[in-house]
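Colleague: mind looking at a prediction? Sequence and model below.
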Amino acid sequence: MTNLTSEQIRQLNSYSTYLTPAAYPLFTLEDLLMDEKTADCLNAVQAVSGCPNSTVTASFFMRRIGMFVSMQLYNLAAYDEVWDGNANALYFGATEEYGNRTVSIYAKESDWQSFDEDEHEVVIRKILLQVDAIIRQLRTVSSISPLTLWENVFGFLLWHYHVLLGNPGTSQEARADLDILLDAHTWTDIAPRSLFATYLNGREPSNLLNTTVRTTCCLSKDVPGLMQCGFCPLK
């Protein structure tokens, strides 16, 4: 257990992760990963968000996961800390943001743990395996490309590594973590190569800002209250 700073909490809140109990809890990560409950979980997200079908809902939900994952990796590089709780302690709850109904993530502060530099590879691989498990589970109840779901995570990572690498106080740690993410070995049992390396295509995160990086549409254009991304590959 570690105590988060007010700045860390502010950053988490800005990415729709809260340390207070959900006012309107929907389900836990454990529920989502259970075969008999996955469809109900996705239906709950669809009902809250107003998405027109399960495909758009899965993409919308994965963007929320992407926000949480990107903050995980940001906190790892900046503070050597990440969420390391049980799946039954991570809640998804209905809320409102910027006038839109949405689903946010609710965790316990006591589930954030500190890790040494030499543990980062294990931690990053564990996070990737969690993402892979979520993607595989969502695809059992929706017709959506796994690449679309992975790119929904990578878009947030791109920005965070741009910030981290540009800060002298975090650049060394961020570079080491980025190298781990680009190493095919880290992706064993997930993909035959680093999917993030493919996404970056040999370029630095900062060089890809304000460019059309992703190859699939995230379907935000089909979510009530949202719009097509400025760099959508369909444009």
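Modeller: Everything's here; your move. Being a predicted model, the structure only gives us computed values, none of them experimental.

Colleague: tell me the SS of the residue nearest the centre of the chain?
Modeller: Geometric centre of the chain, nearest residue: residue 66, 1.7 Å, by Cα atoms, centre = their mean. With DSSP: H, G, I helix; E, B strand; the rest coil as the basis, the three-state label of residue 66 is helix.

Colleague: near residue 7, how many other residues are there?
Modeller: For residue 7, the count of nearby residues is 10 (other Cβ atoms under 10 Å). Yep, even glycine has a C-beta here, placed from its N, CA and C like the rest.

Colleague: what's the answer for the one 10 residues further on, then?
Modeller: Using other Cβ under 10 Å, the number of residues around residue 17 comes to 20.

Colleague: can you tell me how far it is from residue 136?
Modeller: Here residue 17 is placed at a distance of 23 Å from residue 136 (Cβ to Cβ, to the nearest Å).

Colleague: next one: the nearest residue to the residue nearest to the centre of the chain once chain neighbours are set aside, what pLDDT does it get?
Modeller: Nearest non-adjacent residue to residue 66, counting by Cβ to Cβ, 6 or more residues apart in numbering: residue 153, 3.9 Å away. pLDDT, residue 153: 97.

Colleague: do I have it right that residue 153 meets residue 70?
Modeller: Yes: look at residue 153 against residue 70 with Cβ atoms under 8 Å: they come within range, at 7.0 Å.

Colleague: C-alpha coordinates for stretch 128-141, CSV please?
Modeller: Presented in CSV, the C-alpha positions along stretch 128-141 are these (Å, rounded to 0.1, in the frame of the first residue of the first chain):
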residue,chain,number,x,y,z
LEU,A,128,-0.7,-6.0,-20.8
LEU,A,129,-2.1,-9.5,-19.9
GLN,A,130,-5.0,-7.8,-18.0
VAL,A,131,-5.8,-5.7,-21.1
ASP,A,132,-5.5,-8.8,-23.3
ALA,A,133,-7.9,-10.7,-21.1
ILE,A,134,-10.5,-7.8,-21.2
ILE,A,135,-10.2,-7.6,-25.0
ARG,A,136,-10.7,-11.3,-25.5
GLN,A,137,-13.7,-11.3,-23.2
LEU,A,138,-15.3,-8.3,-24.9
ARG,A,139,-14.9,-10.1,-28.2
THR,A,140,-17.0,-13.0,-27.0
VAL,A,141,-20.1,-10.8,-26.9
